[in-house]
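Undergrad: coords below, sequence missing:
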């Protein structure tokens, strides 16, 4: 009998009681050290004399707020409770929310940061706003220890000990339930196609469609109590109490299994190169190849094992792993499996650490404290790099290809300080179909002053070229000063288009911003804004789809420029009208065939962000990244898409160019292109609508 079974037995013996909070002490203690792994602060939730603990794993919102649940009272208490804490990054309390029983469930923060969802031993699923007020709760038929997953449409998925998986709307109403033959303590994971993957205590792993229909099942030799990880190639990885790690194909057939020395009560995470990392209660951390072979284990074979491992490893941007142990410490391992450092805790850690984009490490501990550790490497946003995939624990992956997308690319923007020569700013787009699309092209310079940009281009000039069949460019449009058009009626049409498109940045009469509005048939087009008066500066180049022939669409967009550091990296914006599978590429070495080889970005990395809006402004949430395209688990699919799209510039095997194949819902996104390690050079971002 493991610890969770014991707790379950004790809790069942007394029922699901509601009770008062037994909070006795709450103190944050600051430390002065700043080295990697040193404790920055620790927050004490209860006095040493009070019964309680922390098994929940922390989540971090887009604004840096840390959320974690606690247990208050012992397993035999008649009036236990639980608190959800919201802590600032400095360890001070923003607010507390009291549930009717323990909170072992790890909270999930919605992408916009406005809602925190979690379950409790009182059988309820709670949704709490970012200010600590309850939005809604939903009562299930049993206790909840697992964590929720949130789909791209806001649907909340969570299991209960009553043997059901619940799908709740973003407003908290029941959409459907799926019945299993035993309790569901494991947390669900969601694939790019909306499939829900979850294990149950009946030793069965389930795949459901977005409507709750069973697609397939796979039987293991033991209970499944932790979350799965979903790779870009569709492989689903999970552990079982039978001691094995399983890799299942997307159709539910076994790819491979790997036996550890004891039960697995932790979740797998996936490195940038596809390595699978998982801890076992045999006291070892395992690193497995995509083929299921052992790369290494820590401690090495023959060495004294650690105490049982329940914590899930978080992979940092430098490839190192961070996890909690039952040896009362946080352990950091190098990518090769050697120990980098350990940091003592006051007790054992069932909680899984979270690493945020700034490198902060947060973890809960059985000693009733929440620890914040300094980190010198930030979060990794590859396929499934930490517990519940990302710092917000949404547990939905965008990586992968899904057929039948109905969306389209409706807008592109790129803001940059144009370079010169090989590093000059050039944007491209492709129209596909038998008809045409009307496109609003804008080059904003002076208009950026209202956005707080001081070094804007004073007088941007805009020229558009169509690339003819022989590869030569043909001028098809140009403008210098948007309200000085050869056809005066275009000024009114441009203003009307800005209004109909709902643009927040509207060009003012007399400004020296540039714009064109015209219809474009199928073909390739490029645009390179330049300073009409010779004074360079930051320019925002935009392309908006303003309607046109059905069956004709923007099929690809790109931007090339000199990629610098800091504010001078290349950032492109993207708007989608519906679900799309996109091939996103960050080209550097591949450009050496067209530009001076020494001028290109040697090792580009791309990071994708989703953009949402709240009452206080916009929220940018990282959701995916890649540095070496061949390391992606679906690299073969990326190559196949390049062939299907008929690309002339195909990434070479082994090149350091970056790429990702992702499926995204309607919305706004940005793509960052920068050099690994602060390197600079000419680089290009490309976005293709997958056929």
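TA: Alright, I've got the coordinates. What you see is a predicted model; the values in this text were computed from it and never measured.

Undergrad: tell me how far the nearest residue to residue 172 once chain neighbours are set aside lies from residue 113.
TA: Distances taken as CB to CB, 6 or more residues apart in numbering place residue 136 nearest to residue 172, at 3.2 Å, with adjacent residues excluded. C-beta: built from backbone N, CA, C; applies to glycine. From residue 136 across to residue 113, the span is 18 Å (CB to CB, to the nearest Å).

Undergrad: do residue 340 as well
TA: 31 Å.

Undergrad: if we can go back for a sec, more neighbours: which of residue 136 and residue 113?
TA: Just comparing residue 136 and residue 113: by other CB atoms under 10 Å the higher neighbour count belongs to residue 113, 20 against 17.

Undergrad: list the contacts of that one.
TA: 61-63, 65, 130, 392, 614, 619, 621 (CB atoms under 8 Å, 6 or more residues apart in numbering).

Undergrad: so residue 122 touches residue 103, yeah?
TA: No. Contact criterion CB atoms under 8 Å: residue 122 and residue 103 do not qualify, at 9.3 Å.

Undergrad: buried subset of the contacts of residue 113 as a ChimeraX selection?
TA: To isolate the buried members of the contacts of residue 113 in ChimeraX, using 16 or more other CB atoms under 10 Å:
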select :61,62,65,130,392,619,621
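
Undergrad: identify the farthest-apart pair in the contacts of residue 113.
TA: Spanning the widest gap among the contacts of residue 113 are 392 and 614, at 14.6 Å by CB to CB.

Undergrad: run the chain-centre distance for stretch 295-307.
TA: Distance of stretch 295-307 from its chain centroid, counting by CA atoms, centre = their mean, to the nearest Å, is 31 Å.

Undergrad: who's in contact with that stretch?
TA: Residues from elsewhere that reach stretch 295-307 (CB under 8 Å, 6+ apart): 261, 275, 282-289, 325-327, 331, 333, 336-339, 348.

Undergrad: 10 Å instead?
TA: Applying CB atoms under 10 Å, 6 or more residues apart in numbering, the contact partners of stretch 295-307 are 260-262, 271, 275-277, 279-289, 294, 321, 325-329, 331, 333-339, 348.

Undergrad: in stretch 507-516, what counts as buried?
TA: Judged by neighbour count (16+ other CB under 10 Å), stretch 507-516 contains these buried residues: 507, 511-516.

Undergrad: immediately after the lengthiest strand in the chain, which helix or strand?
TA: The single longest strand within the chain, with elements called by DSSP state E, is strand 426-444. With elements assigned by DSSP states H and E, the helix or strand that comes after strand 426-444 is strand 460-467.

Undergrad: isn't there a strand covering residue 543?
TA: Yes. Residue 543 sits within a strand when classified using DSSP: H, G, I helix; E, B strand; the rest coil.

Undergrad: would you format the buried residues of stretch 507-516 as CSV with secondary structure included?
TA: CSV is the format used below for the buried residues of stretch 507-516 (three-state DSSP):
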residue, secondary structure
507, coil
511, coil
512, coil
513, coil
514, strand
515, strand
516, strand
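
Undergrad: residue 428: which of the residues you listed is nearest?
TA: The closest of the buried residues of stretch 507-516 to residue 428 turns out to be residue 516 (CB to CB; 15.4 Å).

Undergrad: below-threshold pLDDT in the stretch 301-450 of the chain: ranges please.
TA: In the prediction, the stretch 301-450 of the chain carries no residues with pLDDT under 70.

Undergrad: how about the helices in the stretch 51-200 of the chain?
TA: Using DSSP state H, counting those that start in this stretch, no helices are found in the stretch 51-200 of the chain.

Undergrad: actually the chain, not the one I wrote
TA: All helices of the chain, identified by DSSP state H, fall at 3-14, 489-500, 635-644.

Undergrad: hmm, back to that, selecting buried members of the contacts of stretch 295-307 in PyMOL, what would you type?
TA: Typed into PyMOL, the line below selects the buried ones among the contacts of stretch 295-307, using 16+ other CB under 10 Å:
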select buried, resi 260+262+271+275+276+277+279+280+281+282+283+284+285+286+287+288+321+325+326+327+328+329+331+333+335+337+348
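
Undergrad: could you check how far residue 251 is from residue 401?
TA: 15 Å.

Undergrad: got any ranges where the stretch 1-150 of the chain has weak pLDDT?
TA: Across the stretch 1-150 of the chain (using pLDDT under 70), the flagged ranges come out as 1-33.

Undergrad: what segments of it are strands?
TA: Using DSSP state E, counting those that start in this stretch, the strands of the stretch 1-150 of the chain run over residues 27-30, 39-44, 52-53, 59-60, 66-69, 71-72, 82-87, 93-99, 108-109, 115-119, 124-129, 134-139, 149-150.

Undergrad: turn those strands into JSON lines, including distance to residue 229.
TA: Below are the strands of the stretch 1-150 of the chain laid out as JSON lines (distance: least, CB to CB, whole Å):
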{"stretch": "strand 27-30", "distance to residue 229": "33"}
{"stretch": "strand 39-44", "distance to residue 229": "28"}
{"stretch": "strand 52-53", "distance to residue 229": "26"}
{"stretch": "strand 59-60", "distance to residue 229": "17"}
{"stretch": "strand 66-69", "distance to residue 229": "22"}
{"stretch": "strand 71-72", "distance to residue 229": "26"}
{"stretch": "strand 82-87", "distance to residue 229": "25"}
{"stretch": "strand 93-99", "distance to residue 229": "28"}
{"stretch": "strand 108-109", "distance to residue 229": "16"}
{"stretch": "strand 115-119", "distance to residue 229": "20"}
{"stretch": "strand 124-129", "distance to residue 229": "23"}
{"stretch": "strand 134-139", "distance to residue 229": "27"}
{"stretch": "strand 149-150", "distance to residue 229": "12"}
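
Undergrad: which of those sits closest to residue 496?
TA: Residue 496 sits nearest to strand 115-119 of all these, at 37.1 Å, using CB to CB.

Undergrad: distance between that closest one and the chain's centre?
TA: Remark: strand 115-119 is offset 18 Å from the chain centroid, using CA atoms, centre = their mean.

Undergrad: repeat for stretch 182-200
TA: 18 Å.

Undergrad: for the record, mean pLDDT for that stretch?
TA: Stretch 182-200 carries an average pLDDT of 97.

Undergrad: buried stuff in that stretch?
TA: Using 16+ other CB under 10 Å as the test for burial, stretch 182-200 gives 183-200.

Undergrad: and if you look at stretch 129-145?
TA: Buried residues in stretch 129-145, counted by 16+ other CB under 10 Å: 130, 136-138, 140, 142-145.

Undergrad: CSV please, covering those residues and showing distance to residue 647.
TA: Below are these laid out as CSV (distance: CB to CB, whole Å):
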residue, distance to residue 647
130, 43
136, 48
137, 51
138, 48
140, 49
142, 52
143, 53
144, 48
145, 48
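
Undergrad: show me which pair in these is furthest apart.
TA: Within those, 130 and 142 form the most distant pair, 28.4 Å apart (CB to CB).

Undergrad: have a look at residue 251 and residue 401 and say which one is more surrounded.
TA: More neighbours surround residue 401 than the other of residue 251 and residue 401, with 22 against 9 (other CB under 10 Å).

Undergrad: domain parsing of the protein, as residue ranges.
TA: Here the domain assignment for the chain is 3-373, 409-689, based on automatic domain parsing.
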